[in-house]
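Asks: What follows is a predicted protein model with its sequence.
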Amino acid sequence: METYLPSSSRYVRCSYNRCGRSGLKLPMISLGLWHNFGDVDVFENGRSIVRYAFDQGITHFDLANNYGPSPGSAEENFGQILAKDLKPYRDELVISTKAGYWMWDGPYGEWGSRKYLISSLDQSLKRMGVDYVDIFYHHRPDPETPLEETMMALDHVVRQGKALYAGISNYSAEETAKAAKILKELGTPCLINQVKYSMFERWVEDGLLATAEEWGIGVIAFSPLAQGLLTDRYLQGIPEGSRASKSWGFLQPHQVEPALDKVRQLNEVAISRGQSLAQMALAWLLKDKRVTSVLVGASSVAQLANNLGALDNAGFTNDEIERIIAILNE
Ligand SMILES: NC(=O)c1ccc[n+]([C@@H]2O[C@H](COP(=O)([O-])OP(=O)(O)OC[C@H]3O[C@@H](n4cnc5c(N)ncnc54)[C@H](OP(=O)(O)O)[C@@H]3O)[C@@H](O)[C@H]2O)c1
């Protein structure tokens, strides 16, 4: 690939939302590297997606220690993309990583101990070849480790300068409030909660969004397209190369068929609005101002380009809202 020079108009396309009551702004659409960036994937494809994202003003790239497969390979590949293309623009990027799920053998390779979190972040920094990440998340609540210990580890890495902000992921409303209180007392406010939120997964509407607002915490929605279900990807069956077709994909083939009736109906609404279903599904989440950003995945530049189109038609009429809610509640 030729030497990368980012588009000079890269800050025209995206809008940026303040993350809770922090000083940090995030693009309304962020890019996640959970799938499509591992050592099972084509490196140059992932590289094109990241370059395109940055050209469009997507400044936020989300990783985790275990993304791949193999675990760690997405961070390694992202590190290569940084080294080849984006290193000069490090100060324009918000890079996040996480620890919480299984990463290495033995009692210190997962969950929420100080031992695990601090070692894992050190490993992530090496794999990506960076001195610090912008956001370091605890990836999932740990029912056994005292929450104080986990939050103290986040506070510690922020004070060390290995992370600029602390985040939590997959924390319920109640767990979020507890974590936020501890972090506030420690002097490192909780920046953000990364939660599963889409038209098909709406648990955050029952308290989590309100709690986040109360504590001044941003919310970033992961799998906002339900891993591709909320797009036209599966309308004609399961295509070769799609996430549901891959043995390592987290979307299982048996999850596709039961969703299709609603997907078809939603697709009709999207067509009547003159946009793709993916665009409508993203706009649907972004209409709630408590949602800082939607964190999409993409297996091609074309998909990401399509998703960015959500920003062009983000409003809903009352009639559309009623139609959509009726379909979702069926
Ligand atoms: N904190 C956590 O526990 C957690 C968990 C999961 C994810 N995440 C984060 O959230 C990010 C996004 O998750 P996700 O990948 O599940 O998000 P998603 O946006 O719901 O799904 C992305 C997939 O949908 C398909 N797609 C995307 N745009 C499309 C379009 N315009 N038309 C047709 N198909 C389209 C692609 O699938 P194909 O591959 O089939 O083309 C793509 O890989 C992850 O990368 C990760 O950073 C966090």
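Replies: Happy to help now that I have it.
Asks: Please spell out the segments of the stretch 101-250 of the chain that come in under the pLDDT threshold.
Replies: Judged against pLDDT under 70, the stretch 101-250 of the chain has no low-scoring part.
Asks: Where do the strands of it begin and end?
Replies: 133-138, 163-169, 190-196, 218-222 (DSSP state E, counting those that start in this stretch).
Asks: For stretch 266-275, which residues meet the burial criterion?
Replies: The neighbour-count check on stretch 266-275 (16 or more other C-beta atoms under 10 Å) flags 266-267, 269-270, 273, 275 as buried. Where you see a C-beta, it was placed from the backbone N, CA and C, and this is true even at glycine.
Asks: The residue of the stretch 1-150 of the chain found nearest the ligand bridge partners, please.
Replies: Closest residue of the stretch 1-150 of the chain to the ligand, C-beta to the nearest ligand atom: residue 32 (2.2 Å). Beta-bridge pairing for residue 32 (DSSP bridges): residue 62.
Asks: Can you check what pLDDT the model gives it?
Replies: Residue 32 is assigned a predicted lDDT (pLDDT) of 98.
Asks: and what of residue 13?
Replies: For residue 13, the pLDDT comes out at 88.
Asks: Around the ligand, pick out the residues from the protein.
Replies: 32-36, 62, 139, 169-170, 194, 222-228, 231, 233, 242-243, 278, 295-299, 303, 306-307 (C-beta under 6 Å from any ligand atom).
Asks: For PyMOL, what selects the buried ones among the residues you listed?
Replies: The buried subset of the residues of the chain next to the ligand, as determined by 16+ other C-beta under 10 Å, is captured in PyMOL by this line:
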select buried, resi 32+33+34+35+36+62+139+169+170+194+222+223+224+225+226+227+228+231+233+242+243+278+295+296+297+298+299+303+306+307
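Asks: Could you point out the longest helix of the chain?
Replies: helix 256-272 (DSSP state H).
Asks: Can you give the distance of the helix or strand following that one from its chain's centre?
Replies: Downstream of helix 256-272, the next assigned helix or strand under DSSP states H and E is helix 277-286. Here helix 277-286 is found 15 Å from its chain centre; the criterion is C-alpha atoms, centre = their mean, to the nearest Å.
Asks: Could you do stretch 167-178 as well?
Replies: Offset of stretch 167-178 from its chain centre (C-alpha atoms, centre = their mean): 16 Å.
Asks: Tell me the buried residues in it?
Replies: Residues of stretch 167-178 classed as buried by neighbour count (16+ other C-beta under 10 Å): 167-173, 175-178.
Asks: can you pull the contacts of the residue nearest to residue 63 when sequence neighbours are not counted?
Replies: Sequence neighbours aside, residue 97 is the residue nearest to residue 63 in space, at 4.6 Å (criterion: C-beta to C-beta, 6 or more residues apart in numbering). Counting by C-beta atoms under 8 Å, 6 or more residues apart in numbering, residue 97 makes contact with 63-65, 75, 121, 124, 128, 133, 135-137.
Asks: quick one: residue 247 and residue 69, what's the gap?
Replies: Distance, residue 247 to residue 69, by C-beta to C-beta, to the nearest Å: 10 Å.
Asks: more crowded one of the two?
Replies: Between residue 247 and residue 69, residue 69 has the larger neighbour count (other C-beta atoms under 10 Å), namely 15 against 6.
Asks: Contacts only, for the more buried one.
Replies: For residue 69, the contact set (C-beta under 8 Å, 6+ apart) comprises 38-40, 248.
Asks: Tell me how many other residues crowd residue 12.
Replies: By other C-beta under 10 Å, 9 other residues sit near residue 12.
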